[in-house]
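**Student:** pasting the sequence and the predicted coordinates here, then a few questions.
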Amino acid sequence: MYEKMGLIEKPPRGSNQYRQYDQKTLLRLSFIKRAKAMGFTLKEIGELLSLKATSSHTCDDVRKQAEIKLNLIEEKLSELQRLKFALNGLISSCRNNQEAEECPILTLLETKTNA
């Protein structure tokens, strides 16, 4: 997949048909793995690698990409906090041994919204 996206070059295969990565490719794969762990998409990782490969870019360019990612993460965290609050409210509105057809959680999920 990384080869198709241009993140790494297609590695040669040995006689056993296993891919044989050189040190440069292994370092790039480590970069990709760490960037993915930080939440960057493969497209964004490609952009970061492109910034690294081009001498006309600065650390400031990379910082801007990281700031964009941080803002997206903060938005996701806010949304998750809203979902957590809403779900906690629904959970606390459930009564023990209440019939499932009267369950507020199921009722809300069945309600048609304009989404």
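**Tutor:** Ah, there it is.

**Student:** hmm, which helix or strand of the protein has the shakiest average pLDDT?
**Tutor:** When each helix and strand of the chain is scored by mean pLDDT, DSSP states H and E, helix 104-110 comes last, with a mean of 84.

**Student:** list the helices and strands that helix packs on?
**Tutor:** helix 59-93 (3 or more C-beta pairs under 8 Å, 6 or more residues apart in numbering; DSSP states H and E). Every C-beta, even on glycine, is put in place using the N, C-alpha and C of the backbone.

**Student:** for the residue of the chain positioned farthest from its centre, what are phi and psi?
**Tutor:** In the chain, the greatest distance from the average C-alpha position (C-alpha atoms, centre = their mean) is reached by residue 97, at 39.1 Å. The phi/psi pair for residue 97 (degrees, to the nearest 10) reads phi 60, psi 20.

**Student:** which ones are touching the most centrally placed residue in the chain?
**Tutor:** Geometric centre of the chain, nearest residue: residue 39, 4.3 Å, by C-alpha atoms, centre = their mean. Taking C-beta atoms under 8 Å, 6 or more residues apart in numbering, we find residue 39 in contact with 69, 72-73.

**Student:** one more time with 10 Å, if that's ok
**Tutor:** Going by C-beta atoms under 10 Å, 6 or more residues apart in numbering, residue 39 touches 69-70, 72-73, 76.
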